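[1] Below: sequence and its predicted model.
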Amino acid sequence: MKLTDTSDKHITLNNPLTIYHCGHEQCKPSHSFGPAIRPHYLIHYILEGKGEYQVNGTSYRLGKGDGFLITPGVTTLYFADKINPWEYCWVGFDGYEINTLLQSCGLSQNHPIFTDTSNGALKQDLLKLIQYFTEGVGNELTFVGQLYLFFSHIHIPTDRSTKKTNEAYIEKALGYIHHNYTYDIKIADVAKYLSIDRTYLYKLFITYKKASPQQYLITYRLSIAQKLLKETDLSVTEIAYSCGFRDASSFNKHFKKHLNITPLQYRSNKDYFLQ
């Protein structure tokens, strides 16, 4: 068994993601661990063989290419097959971005199992992580970056209902707009980011936001512009470019159309600040 521990690396949950330990093991027949709880998250990925994972009253028979999540404070038991015992890798981690990270992969305490569909990329990234970590190649950013690559290959739907899926699309679309509004983004870019058709994206926005994606983007840009007009001394031109408009003329046109007042008039009109 190989095990590398980072207890001397001053790990705290102040970090978005930190690796505690990682390793690799070829288990003996019927080798088991637990029942026990762990103080942090663990993921095991099966390289060869078979075994069983028990959690929350459910047993999962797993084999090559499968993986399982262990959640902090939850009692788990897992053991190798007595005829074809598994060989697996593992990584222990924690941090304040864990919930977001696991949610993006579809993993949770209630959905702890995943299957590798990456044609070997997931395995390769995990083995690289273990190698770099064990040999001290790079630094903490190297290790964490490699772990993010590993997670990038895990895609499990958290909820297959149409409503939940649509809500997830809207949430991701809004996040994309809120983080990229300052650039010259197009609605096609949002649809591409979500891997859905533009027409479908349009219908989602009409349903959930009562506006087209383009209307929402402009309205959001103008809301940021209002804030900058109130709270900064930036020129109208600076604000226009900072909010993703092509030029001051285009900014003025959209601003007056939506608020019936020019940006400069808005800045000098205290009554608008009370709205």
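    It's in. Numbers count the residues shown, from 1 in each chain.
[2] which parts of stretch 44-62 are buried?
    For stretch 44-62, burial by neighbour count (16 or more other Cβ atoms under 10 Å) applies to 44-47, 49-51, 53-55, 62. Placement of C-beta: from N, CA and C, glycine included.
[3] ditto for stretch 238-246
    Applying 16+ other Cβ under 10 Å to stretch 238-246 flags 239-245 as buried.
[4] Turn these into CSV, columns for pLDDT and distance to Phe143.
    Below are these laid out as CSV (pLDDT from 0 to 100; distance: Cβ to Cβ, whole Å):
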residue, pLDDT, distance to Phe143
Ile239, 95, 41
Ala240, 94, 42
Tyr241, 95, 38
Ser242, 95, 36
Cys243, 94, 38
Gly244, 94, 36
Phe245, 94, 41
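[5] is it possible to export those residues to JSON lines including distance to Tyr96 and secondary structure?
    JSON lines is the format used below for those (distance: Cβ to Cβ, whole Å; DSSP: H, G, I helix; E, B strand; the rest coil):
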{"residue": "Ile239", "distance to Tyr96": "33", "secondary structure": "helix"}
{"residue": "Ala240", "distance to Tyr96": "36", "secondary structure": "helix"}
{"residue": "Tyr241", "distance to Tyr96": "33", "secondary structure": "helix"}
{"residue": "Ser242", "distance to Tyr96": "29", "secondary structure": "helix"}
{"residue": "Cys243", "distance to Tyr96": "30", "secondary structure": "coil"}
{"residue": "Gly244", "distance to Tyr96": "30", "secondary structure": "coil"}
{"residue": "Phe245", "distance to Tyr96": "35", "secondary structure": "coil"}
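[6] tell me the two of the residues you listed that are most distant?
    Using Cβ to Cβ, those reach their maximum pairwise distance at Ile239 and Gly244, which is 10.5 Å.
[7] a strand runs through Leu102, doesn't it?
    No. Under DSSP: H, G, I helix; E, B strand; the rest coil, Leu102 falls outside any strand and is assigned helix.
[8] Tell me how many other residues crowd it.
    22 (other Cβ atoms under 10 Å).
[9] Next, find the distance separating it from Asn139.
    24 Å (Cβ to Cβ, to the nearest Å).
[10] likewise Thr115?
    Separation of Thr115 from Asn139 (Cβ to Cβ) stands at 32 Å.
[11] Just the ones in helices from the buried residues of stretch 44-62, please.
    Nothing among the buried residues of stretch 44-62 maps onto helices, per DSSP state H.
[12] Dump those residues into a markdown table; add pLDDT and distance to Ser250 as well.
    As requested, those are exported to a markdown table (pLDDT from 0 to 100; distance: Cβ to Cβ, whole Å):
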| residue | pLDDT | distance to Ser250 |
| --- | --- | --- |
| His44 | 97 | 54 |
| Tyr45 | 97 | 51 |
| Ile46 | 97 | 56 |
| Leu47 | 96 | 56 |
| Gly49 | 96 | 62 |
| Lys50 | 96 | 62 |
| Gly51 | 95 | 61 |
| Tyr53 | 96 | 57 |
| Gln54 | 96 | 61 |
| Val55 | 94 | 56 |
| Leu62 | 96 | 56 |
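[13] which SSE is Tyr202 in?
    Assigned by DSSP states H and E, Tyr202 belongs to helix 198-209.
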